[in-house]
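Engineer: just need the structure, nothing else, for what follows:
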Amino acid sequence: MTRLRAALAGAVAAVVAFLGIYLKGRKDEAQRAAVKDLEAYRRTRKEIDDAETFENNDAAAADRFLHERSKRRDL
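Structural biologist: Numbering: from 1, shown residues only. Sure, this is the predicted structure:
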């Protein structure tokens, strides 16, 4: 009976160890995903902050800007 309990305790310990490793891996992956999302947000926010602003609400100026921008973009 003692050998059976020892074997059972060893099996339970192994399962607990594997479960701990699995959960740690999932937590680390979630943290990496969160960091990646925050870095993407930071880049997007920087692009928004660096974007050209229009002081003039003239429709012709906006049309010229869009025309010039379409020449610079490679879509």
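Engineer: so how far is Asp49 from Arg73?
Structural biologist: Distance of Arg73 to Asp49, given as CB to CB, to the nearest Å: 20 Å. Where you see a C-beta, it was placed from the backbone N, CA and C, and this is true even at glycine.
Engineer: cool, Gly25 as well?
Structural biologist: Note on Gly25: its distance to Asp49, by CB to CB, is 36 Å.
Engineer: cool, Tyr22 as well?
Structural biologist: From Tyr22 over to Asp49 (counting by CB to CB), the distance is 41 Å.
Engineer: so the two - more neighbours on which side?
Structural biologist: Tyr22 (10 against 7; other CB atoms under 10 Å).
Engineer: now the strand or helix carrying the more buried one, how far from the centre of its chain.
Structural biologist: Taking DSSP states H and E as the definition, one finds Tyr22 inside helix 2-50. Distance, stretch centre to chain centre, for helix 2-50: 15 Å (CA atoms, centre = their mean, to the nearest Å).
Engineer: for Glu52, which non-adjacent residue is closest in space?
Structural biologist: The spatially closest residue to Glu52, leaving aside those adjacent along the chain, is Phe65, at 7.4 Å (CB to CB, 6 or more residues apart in numbering).
Engineer: count the residues that sit near that neighbour.
Structural biologist: If we define neighbours as other CB under 10 Å, then Phe65 has 13 of them.
Engineer: what does the pLDDT read for it?
Structural biologist: The model reports Phe65 with a pLDDT of 84.
Engineer: mind checking the SS state of Arg64?
Structural biologist: State at Arg64, reduced to three classes by DSSP: H, G, I helix; E, B strand; the rest coil: helix.
Engineer: do you know how far it is from Lys71?
Structural biologist: Distance, Arg64 to Lys71, by CB to CB: 11 Å.
Engineer: what residue ranges in this protein score low on pLDDT?
Structural biologist: Scanning the chain with the threshold set as pLDDT under 70 gives 54, 74-75.
Engineer: great, nothing more from me.
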